[in-house]
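# attaching a predicted model along with its sequence, questions to come.
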Amino acid sequence: MNLSIQHQFFRFFKFIQTLDMNVRVHVGQRIRDLRIGLDMTQPELADRVGMRVASISEMERGNIGPSLNSLAPIADALHTTVPDLFKYVASKYSKPKRQLKLLTQATDRLAKLDETHIRQIIDQLDVTLSRLQSKDG
């Protein structure tokens, strides 16, 4: 793969990681708010779900996300459901969710093209992004 194309895909995946960070932050906030609403300490939550207190702290600050295996025990300990842990994400971040869907659709379409056409699209994307940034700045 051409170095320029690799760079463009790297930028795309950095954007996806940013969305992932937003989800971690808001799930962590939701866990903290539910825990505090129950007058539960971090050590108490950690004990109930079999995790380290440091992991609960990191999770609540959005530095790490809960593992798939820890979601149900955390939800149970907080007297809620797994989907409810994502409540803030759905309400505050519906736009990035739509953006992620659009980006997935774009990636699916790009995957069907040859390298030359992908480069042309990336070049046009760079021009468009540059124009948008100059309007915003």
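Received, thanks.
# make it CA atoms for all contacts and neighbour counts henceforth
Fine.
# residue ranges with poor pLDDT in the protein?
Flagging of the chain using pLDDT under 70 yields the residue ranges 1-21, 88-101, 103-104, 136-137.
# and with 90 instead?
Within the chain, the set of residues satisfying pLDDT under 90 comprises 1-27, 29-30, 33, 37, 62-72, 80-137.
# just the helices in it please.
3-37, 42-49, 53-60, 68-77, 82-85, 87-92, 94-111, 115-136 (DSSP state H).
# please report how far the residue in the chain sticking out farthest from the centre lies from Leu78.
In the chain, the residue that sits farthest from the middle, by Cα atoms, centre = their mean, is Thr116; the gap is 30.9 Å. Distance, Thr116 to Leu78, using Cα to Cα, to the nearest Å: 52 Å.
# for Ala46, same thing?
From Ala46 to Leu78 the distance is 11 Å (Cα to Cα).
# and if you look at Leu125?
Leu125 is 45 Å from Leu78, by Cα to Cα.
# more crowded one of these two?
Leu78 (22 against 13; other Cα atoms under 10 Å).
# surely the more buried one meets Arg32?
No - in this structure, Leu78 is not within contact of Arg32 by Cα atoms under 8 Å, at 9.7 Å.
# can you work out which residues contact both of those two?
Counting by Cα atoms under 8 Å, 6 or more residues apart in numbering, Leu78 and Arg32 have no common neighbour.
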